[in-house]
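Colleague: curious how this folds, go ahead:
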Amino acid sequence: MTTTENDTDAAEIPVPGITPRPVIGKLPQYTAGKPPVAVEGLQSYKLSSNENPYPPLPAVLEAISTAATVNRYPDPLSTALRNELSAFLDVPAEDIVTGGGSLGALNQLLATFAGQNPDGTADEVIYPWRSFEAYPISVGLAGAESVQVPLNADGTHNLDAMAEAVTERTKVILLCTPNNPTGPVLTTAQVEDFLRRVPSNVIVVIDEAYEDFVRDDDAVNGIDMYRSHPNVVVLRTFSKGAGLAGLRVGYSVSHAPITQHLRVAAVPFAVSTIAEQAAVASLRHHDQVVERIQGLVAERTRVVEGLKALGWSIPSAQGNFVWLDLGGNTPEFAALAEQQALAVRAFGNEGVRVTIGEEDANTRFLALCATYTKGPRVS
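Modeller: Numbering: from 1, shown residues only. The predicted model follows:
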């Protein structure tokens with residue numbers, strides 16, 4: 001039998017009666033950052049996925065290369081990592097639930113606390129918009145209803161509007177700080193005030209996927225909020241600062257009344273043995289991880305100052321990216337970046353998110369901005 005004999009396009013094969021859940025047709029598709037195109041004479045750079053451009057530490061790579069038990073299932077509780085995090089964060093190991101990245105940890109939480117009720121009504125999940133583009137997908141797949149609250153003009157959360165959006169059906173509220181893709185953080189004072197306005201039976205998730213890059217002294221610390229508020233859940237990941245995006249390891253931190261139910265919905269073996277060992281090694285060499293992160297923070301400062309020197313207006317950048325509010329000029333700018341062998345993340349006609357990458361990549365990005373006459377100018 002040759003390959004061509006059964007080389008029929010699968011989409012052309014009729015499968016009567018097989019249809020997805022109705023919600024699937026209503027959900028947006030997650031769009032991953034595109035790789036850069038090859039341009040003759042130029043080194044290509046990917047600035048579209050908020051990845052750490054540098055590989056993990058040598059000690060972490062060694063932990064990965066010496067893993068010899070991949071024929072066995074991983075520890076479903078990630079005990080070694082939870083114990084390491086317990087000491088690192090000074091929280092009980094029982095309050096930590098691991099997942100496949102912070103998104104995996106979020107999906108576990110939504111599957112546990114928000115969805116469709118026996119009477120057919122859907123729970124509500126409130127979150128800012130625009131924010132992490134997986135939010136509406138995760139909420140919809142859980143069977144819950146998205147309540148999107150538009151951001152303020154400066155890219156920050158409109159916490160007043162979010163508090164006013166709470167109803168009896170609200171089960172979960174998502175706060176993204178720094179907000180992806182716009183960049184600003186929430187402050188301690190803002191979150192404390194917000195929590196006072198939210199019913200104690202509503203879970204408030206503080207998504208801190210980019211907390212490693214935050215240098216704002218007033219920024220909220222999710223772990224501090226968790227210590228004093230029983231309804232707070234913190235999400236963190238090793239994907240960004242530690243450079244382990246390809247291994248998918250994250251976690252949530254919350255109190256026992258929440259974690260006891262989260263463990264029921266936790267995906268078995270979501271964190272591989274290799275990922276767990278790499279995360280443990282990253283924690284044990286945290287000072288070296290911070291050194292690398294600080295290099296990216298310094299580059300972020302250079303990029304932000306460079307944009308401001310051009311007269312461009314951008315939101316406060318506290319993640320490993322900057323947001324360009326380009327509106328209808330978004331596709332044009334993304335195409336020009338592509339011609340310079342730079343892959344950036346365009347969001348329709350809203351704006352462009354550009355990851356802080358290698359020094360040469362950042363320099364080329366600034367050079368492109370210097371020649372672009374339609375940037376978001378300071379009014």
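Colleague: so what touches the biggest helix by length in the chain?
Modeller: As assigned by DSSP state H, the longest helix anywhere in the chain is helix 286-309. Contacts of helix 286-309 from elsewhere in the structure, counted by Cβ atoms under 8 Å, 6 or more residues apart in numbering, are 52-54, 57, 59, 88, 212-213, 215, 241-243, 282, 314, 317, 320, 322, 354, 356-357, 359, 362, 365-366, 369, 375. Any C-beta I mention is one placed from the backbone N, CA and C, and that applies to glycine too.
Colleague: what pLDDT, on average, does it get?
Modeller: Helix 286-309 carries an average pLDDT of 97.
Colleague: what's near enough to touch the residue sitting nearest the centre point of the chain?
Modeller: By Cα atoms, centre = their mean, the mean C-alpha position of the chain lies nearest to A209, the distance being 5.1 Å. A209 is in contact with S102, F132, C176, N180, L235, R236, T237, S239, K240, G250, counting by Cβ under 8 Å, 6+ apart.
Colleague: same deal with N83?
Modeller: Contacts of N83 (Cβ under 8 Å, 6+ apart): A93.
Colleague: now do the helices in this protein.
Modeller: Going by DSSP H, the chain shows helices at 58-65, 79-89, 101-113, 135-142, 159-164, 188-197, 222-228, 256-265, 273-284, 286-309, 330-339, 359-371.
Colleague: who are the packing partners of the third one?
Modeller: Spelled out, it's helix 101-113. Secondary-structure packing of helix 101-113 (3 or more Cβ pairs under 8 Å, 6 or more residues apart in numbering; DSSP states H and E): strand 96-99, helix 135-142, strand 170-176, strand 203-207, strand 232-237, strand 250-253, helix 256-265.
Colleague: let me have the ones you listed in CSV, adding mean pLDDT and mean neighbour count as columns.
Modeller: Shown next, in CSV, are the helices and strands packed on helix 101-113 (pLDDT from 0 to 100; neighbours: other Cβ atoms under 10 Å):
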stretch, mean pLDDT, mean neighbour count
strand 96-99, 98, 26
helix 135-142, 97, 22
strand 170-176, 98, 25
strand 203-207, 98, 25
strand 232-237, 98, 26
strand 250-253, 98, 26
helix 256-265, 95, 15
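Colleague: bridged to the residue nearest to M225 when sequence neighbours are not counted, which residues?
Modeller: For M225, ignoring the flanking residues on the chain, the nearest one in space by Cβ to Cβ, 6 or more residues apart in numbering is V232 at 4.7 Å. Beta-bridge partners for V232, by DSSP bridges, are V204.
Colleague: is it correct that V232 is in contact with I206?
Modeller: Yes: using Cβ atoms under 8 Å, V232 is in contact with I206, at 6.2 Å.
Colleague: domain parsing for the protein?
Modeller: As assigned by automatic domain parsing, the chain contains the domains 9-54+288-371, 60-285.
Colleague: on that earlier part again, mind checking which of the helices and strands packed on helix 101-113 is nearest Y127?
Modeller: When the helices and strands packed on helix 101-113 are compared by Cβ to Cβ, strand 170-176 sits nearest Y127, at 3.8 Å.
Colleague: which residues does E51 contact?
Modeller: G33, S239, K240, G243, A245, T355.
Colleague: do L235 as well
Modeller: S102, A105, L106, V205, I206, D207, E208, A209, G222, G250, Y251, S252.
Colleague: how near is the residue nearest to Q190 when sequence neighbours are not counted to G246?
Modeller: The shortest distance from Q190 to any residue other than its chain neighbours is 6.0 Å, reached at L159 (Cβ to Cβ, 6+ apart). L159 is 34 Å from G246, where distance means Cβ to Cβ, to the nearest Å.
Colleague: when the two are compared, which one has more neighbours?
Modeller: Neighbour totals were compared for L159 and G246, and L159 leads with 20 against 10 (other Cβ atoms under 10 Å).
Colleague: please tell me I have it right and the more buried one contacts R196.
Modeller: No: in this structure, L159 is not within contact of R196 by Cβ under 8 Å, at 11.1 Å.
Colleague: isn't L109 up against G250?
Modeller: No: taking Cβ under 8 Å as the definition, L109 is not a contact partner of G250, at 11.5 Å.
Colleague: thinking again about what came up before, need the helices and strands packed on helix 101-113 in CSV with distance to V303, can you?
Modeller: As requested, the helices and strands packed on helix 101-113 are arranged in CSV below (distance: least, Cβ to Cβ, whole Å):
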stretch, distance to V303
strand 96-99, 31
helix 135-142, 26
strand 170-176, 21
strand 203-207, 24
strand 232-237, 23
strand 250-253, 26
helix 256-265, 38
